[in-house]
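# next comes the sequence, and after it the predicted model I'd like to discuss.
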Amino acid sequence: MKLRVTGPGINQVITLKQDATVNDLIEHVGIDVKTLRFGYPPQRINVQEDDAALRETQLDELGINSGEKIVLETSQSKERSSMPPPQPKPKRVLKSTEMSIGGSREDVLSVHSVPDDNSCLFHAIAYNIFKQDNVRALREMVSKEISQNPIKFNDAILDKPNKEYAQWILRMESWGGAIEIGIISDALAVAIYVVDIDAVKIEKFNDEKFDNFILILFNGIHYDSLTMNGFKTVFDSKNQPESDNVLTAALQLASNLKQTGYSFNTHKAQIKCNICQMTFVGEREVARHAESTGHVDFGQNK
């Protein structure tokens, strides 16, 4: 698990094993920890040296999961409490691709850009789940599911013969969409929330089946990942109010990005191929052009 840890002499993201204990955390940071603070509303746990049971308790049993922010306090921290309070940090200036979560100065939802190469959907999901590029594995997962379920994924649903589609989606230049999102969501047992910039809404895939969810951003022709504080990408819908705050921030970010021209209305806007200068209306026309030419650089025709 990954945790953001702050305290005397430490302010960093650390990586621990999934079943890490309180003692593992203390040994990793290398300071004399007396108190742990985490969660919202904040919870405080006193760590006594002679409390062996608590020190051997796994962090997830205390409600500390990957992506959590933990504030460590030492006995020296309390001694310094009589000192004059530090001056407040200047308010962080957010980029156009960032949005404060729940009004916090520290928690920020931001866009993590992925390659614009016709595999952007797979790149975005792979980053959020694996933090690495598993595009080929995701395409093979989709292809196998489609070929093994020809009735569910029939020619009418796929807009082409089942076997042909199963081979087509393996090609790196083939665009993915709702069919692929639904399949990957089921296979990885995680809900996928698509934040649509142009519509300023969130389309949820399998939210009724899974509590954990990831957020991907869609501007009409391109997908990107959304992350919290640059590293947290998987959220728990039961973790309130964090999940509600994250979704609110996602919609606010979508609205801001739409106003700055970040989105494409693929039903109305003309989309230009920046390589051959041809123009198209609609995602299907763009996808067919990309498939037939290999061109992947598109923009809005203003």
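Yes, it's here.

# ok, now which ones touch Asn162?
Taking CB atoms under 8 Å, 6 or more residues apart in numbering, we find Asn162 in contact with Ile146, Ser147, Pro150, Phe153, Asn154, Asp155. The C-beta positions use only the backbone N, C-alpha and C, and glycine is treated the same way.

# got it, and Lys163?
Ser147.

# phi, psi for it please.
Main-chain dihedrals, Lys163, degrees, to the nearest 10: phi -60, psi -40.

# try Ser113
Residue torsions, per degrees, to the nearest 10, at Ser113 are phi -70, psi 140.

# give the contact list for it.
Counting by CB under 8 Å, 6+ apart, Ser113 has contacts Asp224.

# pLDDT weak spots in the stretch 51-200 of the chain?
75-92 (pLDDT under 70).

# going along the chain, name the helices of it.
Using DSSP state H, counting those that start in this stretch, the helices of the stretch 51-200 of the chain run over 52-55, 75-79, 120-130, 135-148, 155-158, 162-168, 178-188.

# turn the ones you listed into TSV, including distance to Phe231.
Converted to TSV, the helices of the stretch 51-200 of the chain look like this (distance: least, CB to CB, whole Å):
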stretch	distance to Phe231
helix 52-55	26
helix 75-79	25
helix 120-130	11
helix 135-148	21
helix 155-158	36
helix 162-168	34
helix 178-188	19
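
# out of those, which is the most enclosed?
helix 120-130 (a mean of 23; mean count of other CB atoms under 10 Å).

# could you chop the chain up by domain?
According to the TED database, the chain comprises the domains 2-74, 98-260, 270-300.

# so which of the ones you listed is the most packed in?
In terms of average neighbour count - mean count of other CB under 10 Å - the standout among the domains of the chain is domain 98-260, at a mean of 18.

# okay, how far is it across that one, tip to tip?
Domain 98-260 has an end-to-end distance of 13 Å (CA to CA, to the nearest Å).

# any idea of the pLDDT on Val47?
Per-residue confidence (pLDDT) for Val47: 82.

# same question, Thr260
87.

# and if you look at the one 4 residues further on?
With respect to pLDDT, Phe264 scores 57.

# name the residues that touch the host helix or strand of Ser225?
When elements are assigned from DSSP states H and E, Ser225 belongs to strand 223-228. The contact list for strand 223-228 (CB under 8 Å, 6+ apart) reads 67, 101, 107-114, 120-121, 123-124, 127-128, 194-195, 214-217, 233, 235, 246, 250, 253.

# list the residues that contact the closest residue to Ser110 other than its chain neighbours.
Spatially, and ignoring its direct neighbours in sequence, Ser110 is nearest to Glu98 (4.4 Å; CB to CB, 6 or more residues apart in numbering). By CB under 8 Å, 6+ apart, the contact set of Glu98 is Val108, Leu109, Ser110, Val111, Leu253.

# any idea which helix is longest in the protein?
Counting residues, the longest helix found in the chain (DSSP state H) is helix 242-259.

# which SSE is immediately downstream of it?
Remark: after helix 242-259, the chain's next helix or strand is strand 270-273, criterion DSSP H and E.

# for His112, see how far away the spatially most central residue of the chain is.
With distances taken as CA atoms, centre = their mean, Thr233 lies nearest the centre of the chain, 3.4 Å away. Relative to His112, Thr233 is positioned 8 Å away (CB to CB, to the nearest Å).

# between those two, which contacts overlap?
Joint contacts of Thr233 and His112 (CB under 8 Å, 6+ apart) are Tyr127, Ser225, Leu226, Thr227.

# got a markdown table for the residues you listed, with distance to Met278 too?
Conversion of the shared contacts of Thr233 and His112 to a markdown table gives the following (distance: CB to CB, whole Å):
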| residue | distance to Met278 |
| --- | --- |
| Tyr127 | 31 |
| Ser225 | 29 |
| Leu226 | 31 |
| Thr227 | 34 |
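
# quick check, nearest of the residues you listed to Thr57?
Thr227 (28.9 Å; CB to CB).

# okay, the longest helix of the chain in CSV with CA atoms only?
Written as CSV, here are the backbone C-alpha positions of helix 242-259 (Å, rounded to 0.1, in the frame of the first residue of the first chain):
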residue,chain,number,x,y,z
GLU,A,242,-14.1,11.5,0.7
SER,A,243,-15.8,9.8,-2.3
ASP,A,244,-18.5,12.4,-2.5
ASN,A,245,-16.0,15.2,-2.3
VAL,A,246,-13.9,13.5,-5.1
LEU,A,247,-16.9,13.2,-7.4
THR,A,248,-17.9,16.8,-6.7
ALA,A,249,-14.4,17.9,-7.6
ALA,A,250,-14.5,15.8,-10.7
LEU,A,251,-17.6,17.6,-12.0
GLN,A,252,-16.2,21.0,-11.1
LEU,A,253,-13.0,20.1,-13.0
ALA,A,254,-15.0,19.0,-16.0
SER,A,255,-17.0,22.2,-16.0
ASN,A,256,-13.8,24.3,-15.9
LEU,A,257,-12.1,22.3,-18.6
LYS,A,258,-15.2,22.7,-20.8
GLN,A,259,-15.0,26.4,-20.5
